[in-house]
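In: what's the 3D shape of this:
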Amino acid sequence: MYAFEESDTIDAELDAVWQTVSDVPSWATWDPHVLECGFEGPFEPGSGGWTLSRVVSRQRGYFKVVEVEEGRSYTTESPMPGGKMLIINNYRPDESGRVAVSRRVEVYGPFTPVFRLFWAKAFQGDTRITFKALEQEARRRTAEAGSAR
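Out: Now for the predicted structure:
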């Protein structure tokens, strides 16, 4: 197994962060590493989709949601040759009113050394860019909701 984790704190409302990350069909509109995506079903375990990523070989990567703690976290599982990749995303309010975000990636199976050699560094570095984009989109959604009132 190979794993890495990134974390940060973003200036956004937790509800808006959750709305943004659980709206999978919109990922390609705000996440700079997602070129295209698709998703079927509600955002709950068993539902799945795909992304076309700028980072990992520009091929469709399929995933299924395997765990959701509403408003707080979700985990996806993607098949890899002879194994799998888990992506564990967490969102927690901190004492300053901001949101602590983290992403842990775990890669299992014989493809692990290939992933580590060719994609891990870019994937890990891209995570912080995704956090900043998430912050911007969550703030945009909050502002949009406020102006609709």
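
In: Next, the contact list for the spatially most central residue of the chain, please.
Out: The centroid of the chain falls nearest to residue 89 when counting by C-alpha atoms, centre = their mean (6.2 Å). Residues in contact with residue 89 (C-beta atoms under 8 Å, 6 or more residues apart in numbering) are 21, 73, 74, 75, 101, 102, 103. C-betas here are computed from N, CA, C, even on glycine.

In: farthest-separated two in these?
Out: Across these, the longest distance by C-beta to C-beta is 14.4 Å; it joins 75 and 101.

In: Can you say which helix or strand has the residue nearest to the centre of the chain in it?
Out: Using DSSP states H and E, residue 89 sits in strand 83-93.

In: And the next helix or strand past that strand?
Out: The helix or strand immediately downstream of strand 83-93 is strand 99-108, counting by DSSP H and E.

In: Output the contacting helices and strands for the host helix or strand of residue 20.
Out: Using DSSP H and E, residue 20 sits in helix 14-22. Here helix 14-22 touches strand 83-93, strand 99-108, helix 120-147, going by 3 or more C-beta pairs under 8 Å, 6 or more residues apart in numbering; DSSP states H and E.

In: picking that back up, is the residue nearest to the centre of the chain in a bridge, and if so with what?
Out: residue 74, residue 103 (DSSP bridges).

In: any idea of the pLDDT on it?
Out: pLDDT, residue 89: 98.

In: Could you do the one 5 residues further on as well?
Out: You'll see residue 94 listed with a pLDDT of 92.

In: Now do the same contact list for it.
Out: Residues in contact with residue 94, defined by C-beta under 8 Å, 6+ apart, are 9, 100.

In: Among residue 75 and residue 101, which residue is more densely surrounded?
Out: More crowded of residue 75 and residue 101, by other C-beta atoms under 10 Å: residue 101, with 23 against 19.

In: Just the pLDDT for the more buried one.
Out: At residue 101, pLDDT is 98.

In: Hmm, residue 134 and it touching each other?
Out: Yes - with contact defined as C-beta atoms under 8 Å, residue 101 reaches residue 134; the gap is 6.9 Å.

In: Now do the shared contacts for the two.
Out: 10, 17.

In: For stretch 81-91, buried residues please.
Out: Residues of stretch 81-91 classed as buried: 84, 85, 86, 87, 88, 89, 90, 91 (neighbour count, 16 or more other C-beta atoms under 10 Å).

In: That concludes my questions; thank you for your assistance.
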